[in-house]
Structures are given as structure tokens and as C-alpha cells.
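Enquirer: Next one to model:
(one chain, ligands or ions: 1)
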Amino acid sequence: MKFGVVGWGLRKSVAKLVHQPENGHTLAALADTSEEARGRFLEEYPDATAVDKIQKLLDMDLDAIFILTPDWLHEEHAILCLEAGVPVFLEKPMAITVEGCDRILAAMQKTGTRLYAGHNMRHFPVVRKMKEFIDRGMIGNVKALWCRHFISYGGDAYFRDWHADQSRSNTLLLQKGAHDIDVMHWLCGGYSTQVTGMGGLTVYGDIEDRQKTEGEVTVEFRRVWPPSTLDKLNPTVDVEDLNMIMMKLDNGVMASYQQCHYTPDAWRNYMVIGDEGRIENFGDSAGESVIRLWDNARFGQSETGDLEYRVPSVEGTGHGGADELMIEEFLGWMAGSDDICTSPIAARMSVAAGIAGAESVRGGSAAVAVAGLDPNLAEGLPSGLSTL
Ligand SMILES: NC(=O)c1ccc[n+]([C@@H]2O[C@H](COP(=O)([O-])OP(=O)(O)OC[C@H]3O[C@@H](n4cnc5c(N)ncnc54)[C@H](O)[C@@H]3O)[C@@H](O)[C@H]2O)c1
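Expert: As a prediction, the model looks like this:
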């Protein structure tokens, strides 16, 4: 198969995985507005073509196009491909508005063109093992999930470029949270219907050292400490660096998601409570993390739990091997398989819940209803909540 890519930035890493000439798959073309990015791409893939506009990819007879552009462009780029009849691999978040997600779903329905939602966290070995424990009934019926998300690199990654600007990313509850909210929906077996949140711009908003125009610095993942000494922030910084939201799901499960962009460490901690036990992960990288299960009543604490599962390493380096596993699934989907764990519906619902959270955070913590999905837009698509 011949693949095209739109956007050769940080996330080029995922497109590079699909270039498998030994299996007959190649990266054949790139569209990127940056001449420098096109140059870097051609150095690596001299037989490929590089153009400045996505429109120029659409009649190149590509089997699919990877959309790896910044969040606010996903809607426009996905719809252009779908309307040209070219299948799409779309990075998260699906779009930065619910209406944008629904327009993508409408384009899929109208054209019958397929879209793969690139939610790589569904392939994290830790997440999959927790899902397996839940599916096997090891904690009974899920009643609650609490997720804490520590992001030590948040300042560098999200406050020195377009991510910091609400008009480009809307909220970091999408940019980062879309991953976790999606995982939470999957583990809990339901979608959010109502969200209440609290949050704010609590550290980075006070930093006065800003770029004069956007894009003066190349974003790198450094270890600036303390975070209040970060320099050269994006000219506009109006997204929250601390978000705490609580979600009510359509199956009665209650969940909370806490996200902080200036912690000393970086990992996600999920704790799922059922009516017959609870599970929790410590560390989230395969080979370096453990899942513990508590399913015996006791007074007081047991640090190790009643069962301890060490998550083995997997091959691959992209997000702890998850990117490689996702691309394997994507290639199977390209070959016609519908046996996939992600869904455009799930991608849309994580955006809808994140946006409701941001509205609540910005609206004095009032409860906000999550925009429901028109069943016509969901027709024929997997629910996104299946068991493993
Ligand atoms: N799933 C994950 O783990 C993960 C990790 C990182 C980023 N992402 C997502 O991947 C996407 C890309 O993020 P990134 O960090 O690589 O962004 P980036 O800013 O590093 O790169 C974006 C690229 O798109 C190009 N571009 C901008 N406008 C364009 C246009 N109109 N047409 C063509 N090219 C254009 C830029 O020149 C740049 O090369 C984002 O949506 C982000 O949320 C996902």
C-alpha cells in the first residue's frame, strides 16, 4: 500500500512505522506547509514526493492518508480526504469542537469512506491488561474510576507553542485528556453524559517571558525546574495547566480525571473500583509497571494488594510499544479487518466529554451535559466499548 502524510512534526514517528517496504508498504508522499519539514522528509524518503498543500495529495492514488497536523486542522483535513474518497488515519483529538467531530462523522456517512481513530493509548499494555482484568470480572461490576495524570513535561510540550492557545487546541482536556477520557470510557464500558470540573492557569500564566511571535523556539522536552522558571512561552497562553473533572457515565459509573502540567514526574495512575474489588496501576510503561488487585476485605492498607501483575516489556519504542501495536492493527484494518479496538465514535465521545469539562471549568464548575451523538452519525460504526 502507498501512504500519504499531512504534517511532518513531532508525530511523524507514527507514520514512519507504516513504511515497511519489505511488506510492500511505503510512505509515498507528504504535504506540509513547512519547507524545512518537506526537506527533512525527502532526505529520509528520497523516492517520495513532498508538496505544500493537502489538496495536492488527493489525486495521487494513495491507499490512505495520515493526518498528523495540529489539532485545529484535523476537521478540515479529514473532511477533504473523506470527500476525495481516501481513507484516513486521524490523530487524536478528533477535532477541537463537538460540531467538528460530527461533521467528520457526517462526511464518513455521506461518502462511505473509512476513518481509523489513532488512539494509541488503547494499545498501552498496562491499559489492555487492566481492561482484561475488568472483562474477566476480577473486580465485579465497575462502579468508579479515578485517574490521576502527572505531566512533568507539560510546560515544554504545551505552553511554548500552539497548544497553549485556546483557539488552536481549545483545552488540554482534549490534547492530553482525550487519551485518558477515552481509556476511562473503555474501561468503564460507557460514555460520559454529564461533567463537572474545576481548574485554572495556576503556574504558567504568571510567566512573563514570551515569544514575540509564535514559533520562535523549537519545542524540546527539557527538564526545567521549577516549572515557574520556564522561558519563551507562546505569545498566547490561555489554556488551563490544572484540570480536575468528574464524569457521570451513561451506565451509572462515576469517574474523575485529574491532570497537572507541572508535576516532577510523568505517568498516569488509573484506579478502577468494582463491587468485588479494585485494581490500580503503578507506573504506566510496559516492563516498568505493576497492576495490583485488592479483592479481600481488610481493615487498613495492604501495599502490595492480593495479586500483583508485572506488565512485561513489549517490542517497539513508540509510547512503550503502543504505536507499533496500533500500526499493526491499522494495517489489518486497511486490509479489510473490522476487528479493531478504537472507533470514531469513541474518539468523538472523548472530545465531547473533554469539551463539557472545559465548559464547566470555565463556567464556575456548573454541571454540563455532554453533547449526545445523533444515531444517524453512528450508523454502521463500532461502538468503541467492546471487550478485548
Ligand atoms: N497520539 C499521541 O501520542 C500523540 C503524540 C503527539 C502528538 N499527537 C497529535 O499529533 C498531531 C500533531 O502533533 P505534533 O506535535 O506532531 O505537531 P507539530 O506542531 O510538531 O507538527 C505539525 C506539522 O504540521 C505541519 N502543518 C501545519 N499546518 C499545516 C497545513 N495546513 N498543511 C500541512 N501541514 C501543516 C507543520 O508544518 C508541522 O510540520 C496533533 O494533533 C497532536 O495532538 C499525538
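
Enquirer: Just give me the neighbour total for the residue nearest to Met94 when sequence neighbours are not counted.
Expert: Of all residues not flanking Met94 in the chain, Ala347 sits nearest, at 4.1 Å (CB to CB, 6 or more residues apart in numbering). For every residue, glycine as well, the C-beta is placed using N, CA and C. Ala347 sits with 28 neighbouring residues when counted by other CB atoms under 10 Å.

Enquirer: Hmm, Phe89 and Ala347 touching each other?
Expert: No: here Ala347 does not reach Phe89: they are 11.8 Å apart, not a contact under CB atoms under 8 Å.

Enquirer: before we move on, back to that, ramachandran angles for the residue nearest to Met94?
Expert: phi -60, psi -40 (degrees, to the nearest 10).

Enquirer: what do you get for Arg278?
Expert: Torsion angles, degrees, to the nearest 10, at Arg278: phi -140, psi 150.

Enquirer: Against the ligand, how distant is the closest residue to it other than its chain neighbours?
Expert: Leaving aside its sequence neighbours, Arg278 sits nearest to Trp294 (CB to CB, 6+ apart; 5.3 Å). Applying CB to the nearest ligand atom, to the nearest Å, the value for Trp294 to the ligand is 30 Å.

Enquirer: Trp294: neighbour count?
Expert: Residues contacting Trp294 under the criterion other CB under 10 Å number 18.

Enquirer: ditto for Arg136
Expert: When neighbours are counted by other CB under 10 Å, Arg136 registers 10.

Enquirer: For the ligand, what's the nearest residue on the stretch 101-250 of the chain?
Expert: Nearest to the ligand, among the residues of the stretch 101-250 of the chain, is Asn120, at 4.7 Å (CB to the nearest ligand atom).

Enquirer: residues contacting that residue?
Expert: Asn120 makes contact with 14, 179, 318-319, 322-323, 326, according to CB atoms under 8 Å, 6 or more residues apart in numbering.

Enquirer: Tell me the pLDDT of Gln20.
Expert: On pLDDT, Gln20 comes in at 97.

Enquirer: Dig out what it forms beta bridges with.
Expert: Gln20 has these beta-bridge partners by DSSP bridges: His25.

Enquirer: Okay, it and the ligand: tell me how far apart.
Expert: Gln20 is 20 Å from the ligand, where distance means CB to the nearest ligand atom.

Enquirer: measure that residue to Met334 for me?
Expert: The gap separating Gln20 from Met334 is 12 Å, by CB to CB, to the nearest Å.

Enquirer: Gly318 now?
Expert: Taken as CB to CB, the span from Gly318 to Met334 is 18 Å.

Enquirer: Which residue lies nearest the spatial centre of this structure?
Expert: Nearest to the centroid of the C-alpha atoms of the chain, with distances taken as CA atoms, centre = their mean, sits His179, at 3.4 Å.

Enquirer: which secondary structure element contains that residue?
Expert: His179 is located in helix 177-188, with elements delineated by DSSP states H and E.

Enquirer: same check, this time on Gly316
Expert: Using DSSP H and E, no helix or strand contains Gly316.

Enquirer: So for the residue lying closest to it once chain neighbours are set aside, what's the pLDDT?
Expert: Distance criterion CB to CB, 6+ apart; nearest residue to Gly316, sequence neighbours excluded, is Glu324 at 3.3 Å. pLDDT, Glu324: 94.

Enquirer: just Val219 next, same as before
Expert: pLDDT recorded at Val219 is 87.

Enquirer: again with Asp156
Expert: For Asp156, pLDDT reads 96.

Enquirer: Am I right that it is in a helix?
Expert: Yes: Asp156: assigned to a helix according to DSSP: H, G, I helix; E, B strand; the rest coil.

Enquirer: Can you tell me the SS state at the nearest residue to Trp162 once chain neighbours are set aside?
Expert: Closest residue to Trp162 apart from its sequence neighbours, by CB to CB, 6+ apart: Arg168 at 4.2 Å. Of the three states, Arg168 takes helix under three-state DSSP.

Enquirer: Who are the contact partners of Arg168?
Expert: 70-72, 96, 162.

Enquirer: ok so, going back, what about Gln20 and Met334, which has more around it?
Expert: Met334 (18 against 13).
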